[in-house]
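Trainee: Dropping the sequence and predicted coords here.
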Amino acid sequence: MGSTSNGVAGDLTTNCNGVSVDKGVDFANYFCTYGFLYHQKEMLCDRVRMDAYYNAIFQNKEHFHGKAVLDVGTGSGILAIWSAQAGARKVYAVEATKMTEHARELVKANNLQDVIEVIEGSMEDVTLPEKVDIIISEWMGYFLLRESMFDSVIFARDRWLKPDGIMYPSHARMWMAPMRSGLGDQKMDDYEVAMNDWHSFVDDTKTYYGVDMSVLTKPFDDEQKKYYLQTSLWNNLHPQQIIGTPAIIKEINCLTASVNDVLNVSSNFPSSITERTRLCGLAGWFDVHFRGNRDYPAKHEIELTTAPSLDNGTHWGQQVFLLHPPVRVSEGDDLMVSFSMSRSKENHRLMEVELGYKYFDSTLKTVFAEEITTEPVSLCWSCFGATLKV
Ligand SMILES: C[S@@+](CC[C@H](N)C(=O)[O-])C[C@H]1O[C@@H](n2cnc3c(N)ncnc32)[C@H](O)[C@@H]1O
């Protein structure tokens, strides 16, 4: 059961968005890191994440008792193991990478090999012998949707979940709020250092090698701006760095959402500034909920939030979209933010973001003060320390 998904370059498949994806490239860029125990351990060490899934399962054991469960992207097998320990009759634990070998060992070491079947393969390719009562998955990327793994969960749901089945988690939301931070100054300094270094390089190349490189100054500048100023950043913000009312920009019902529903996220939302400070950018985060379904609601609803927190930070942190330069704001000022996020055309697992805002200065009452649309920002990932940009 289950074909291996270790596709090779040139092995084309079609994703739900109708766009061709090279499986080999996708494996090298995306799945590669999940094949390492150190990466799985990073997720297993996230106490907020672990507690939320653990509590969602064990405080709602009646959902699992005697049921068939599908774990989409089982990784080390942790969610499959908990599902079995909570009384599942059968757990199908599907994983695309060779992590399946470790997951199988772990299942055996915990004496659950009669309940859990670890299947190596891409969710889109495997065949199960039955439909399931529950789909459990930890599919959330930075700012919820990066990695686009929810597509695979939707595929699994539509193909393998019984009509009265339950999704774990059942709901997800994306949030945004204005923030202050020293990160923008740091990034601007880095950019200026890189440009000064470029100008010295152009002078030296002319002096010592007789070639004028200055025609490349503009493209180099554009490249550096994109890298330093127009790429969103991971950050674990202190709650006090949030300087305005947060807004929900997207709500997802995991039982009914289609891929089309998550291809783009667009929102125009107001936010009231709560202190006199510098508006340095916008921060984005998400939460998910485990609520069961309408006919079989969870006895104990659990929330997993990645909001800025002093004691309960997660490995997702928050995604920071910086404004250059920052804007002086005061308590009572209002922002109207327009946010739009879509998938990168070059890589469906990465996102492109456009941000704009109107700023209403409270001292000038309703007088419109400023309207700025920032350049598109990339939500990119780093893989073994190397930053891949789109
Ligand atoms: C965020 S990790 C979660 C791992 C584990 N469930 C946990 O909670 O610790 C997601 C896992 O899903 C796997 N994955 C992502 N898309 C998949 C797909 N389409 N088919 C099979 N596995 C997939 C990845 O390789 C990765 O191991």
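Mentor: Okay, I see it.
Trainee: Now do Ile119: how many residues are near it, please.
Mentor: Using other C-beta atoms under 10 Å, Ile119 is surrounded by 24 other residues. Where you see a C-beta, it was placed from the backbone N, CA and C, and this is true even at glycine.
Trainee: Hmm, it is touching Glu95, no?
Mentor: Yes. Counting by C-beta atoms under 8 Å, Ile119 touches Glu95, with 7.4 Å between them.
Trainee: per-residue confidence at the residue of the stretch 51-200 of the chain found nearest the ligand?
Mentor: Closest contact between the stretch 51-200 of the chain and the ligand, by C-beta to the nearest ligand atom, is at Gly73 (2.0 Å). At Gly73, the pLDDT value in this model is 98.
Trainee: Hmm, it is touching Val94, no?
Mentor: Yes. Distance between Gly73 and Val94: 7.0 Å, which falls inside the contact criterion (C-beta under 8 Å).
Trainee: Who has more neighbours out of these two?
Mentor: More crowded of Gly73 and Val94, by other C-beta under 10 Å: Val94, with 29 against 23.
Trainee: got the contact list for the more buried one?
Mentor: By C-beta atoms under 8 Å, 6 or more residues apart in numbering, the contact set of Val94 is 2, 70-74, 119, 121, 123, 126, 156.
Trainee: now, which of those residues lie within helices?
Mentor: Ala156 (DSSP state H).
Trainee: Next step: the contacts of Val94 restricted to strands.
Mentor: Counting by DSSP state E, the contacts of Val94 place 70-72, 119 in strands.
Trainee: ok, Asp26 - how many residues close by?
Mentor: Neighbours around Asp26, by other C-beta under 10 Å: 22.
Trainee: mind checking how far it is from the ligand?
Mentor: 9 Å (C-beta to the nearest ligand atom, to the nearest Å).
Trainee: Numbering from 44 from now on, please.
Mentor: Sure, I'll start counting at 44 from here, so that last one is Asp69.
Trainee: Quick check: next helix or strand after the helix or strand that residue falls within?
Mentor: Using DSSP states H and E, Asp69 maps to helix 66-72. Using DSSP H and E, the helix or strand that follows helix 66-72 in sequence is helix 80-87.
Trainee: What is the subsequent helix or strand relative to the longest strand along the chain?
Mentor: Longest strand in the chain by number of residues (criterion: DSSP E): strand 320-335. Note on strand 320-335: by DSSP H and E, the next helix or strand toward the C-terminus is strand 340-348.
Trainee: Show me what the very next helix or strand once past that next one is packed against.
Mentor: Under the assignment DSSP H and E, the closest C-terminal helix or strand after strand 340-348 is strand 361-372. Using 3 or more C-beta pairs under 8 Å, 6 or more residues apart in numbering; DSSP states H and E as the contact test, the elements touching strand 361-372 are helix 226-252, strand 276-278, strand 320-335, strand 394-403.
Trainee: Highest mean neighbour count out of these?
Mentor: strand 320-335 (a mean of 23; mean count of other C-beta atoms under 10 Å).
Trainee: any idea of the angle that one forms with strand 394-403?
Mentor: Strand 320-335 runs at 130 degrees relative to strand 394-403, counting by axes from the mean of the first three to the mean of the last three C-alpha atoms, to 10 degrees.
Trainee: rewinding a little: so what does the longest strand of the chain touch, helix or strand wise?
Mentor: Other elements packing on strand 320-335 under the criterion 3+ C-beta pairs under 8 Å, 6+ apart are helix 90-101, strand 214-222, helix 226-252, strand 340-348, strand 361-372, strand 377-386.
Trainee: JSON lines please, covering those and showing distance to the ligand.
Mentor: What follows is the helices and strands packed on strand 320-335, written out as JSON lines (distance: least, C-beta to the nearest ligand atom, whole Å):
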{"stretch": "helix 90-101", "distance to the ligand": "7"}
{"stretch": "strand 214-222", "distance to the ligand": "14"}
{"stretch": "helix 226-252", "distance to the ligand": "26"}
{"stretch": "strand 340-348", "distance to the ligand": "11"}
{"stretch": "strand 361-372", "distance to the ligand": "16"}
{"stretch": "strand 377-386", "distance to the ligand": "16"}
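Trainee: Tabulate these (a markdown table), appending mean pLDDT and distance to Asn296.
Mentor: Formatted as a markdown table, these follow (pLDDT from 0 to 100; distance: least, C-beta to C-beta, whole Å):
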| stretch | mean pLDDT | distance to Asn296 |
| --- | --- | --- |
| helix 90-101 | 98 | 17 |
| strand 214-222 | 98 | 6 |
| helix 226-252 | 96 | 34 |
| strand 340-348 | 97 | 14 |
| strand 361-372 | 91 | 23 |
| strand 377-386 | 91 | 19 |
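Trainee: TSV please, covering those and showing distance to Ser309.
Mentor: Formatted as TSV, these follow (distance: least, C-beta to C-beta, whole Å):
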stretch	distance to Ser309
helix 90-101	28
strand 214-222	11
helix 226-252	25
strand 340-348	23
strand 361-372	15
strand 377-386	5
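Trainee: Figure out which of these is closest to Cys75.
Mentor: strand 377-386 (19.9 Å; C-beta to C-beta).
Trainee: Give me the buried stretch members for the closest one, please.
Mentor: 377-378, 380, 382-384, 386 (16 or more other C-beta atoms under 10 Å).
Trainee: what's the pLDDT at Asn72?
Mentor: What the model reports for Asn72 is a pLDDT of 75.
Trainee: I'd like the distance between it and the ligand.
Mentor: Asn72 sits 12 Å away from the ligand, taking C-beta to the nearest ligand atom as the criterion.
Trainee: From what I see, that residue and Glu389 are in contact.
Mentor: No. Between Asn72 and Glu389 there is no contact under C-beta under 8 Å: 10.6 Å.
Trainee: quick one, which of the two is more surrounded?
Mentor: Ranked by neighbour count (other C-beta under 10 Å), Asn72 and Glu389 place Asn72 first, with 16 against 9.
Trainee: still on that earlier bit, taking the ones in strands among the contacts of Val137, tell me the two that lie furthest apart.
Mentor: Within the ones in strands among the contacts of Val137, Val115 and Ile162 form the most distant pair, 10.8 Å apart (C-beta to C-beta).
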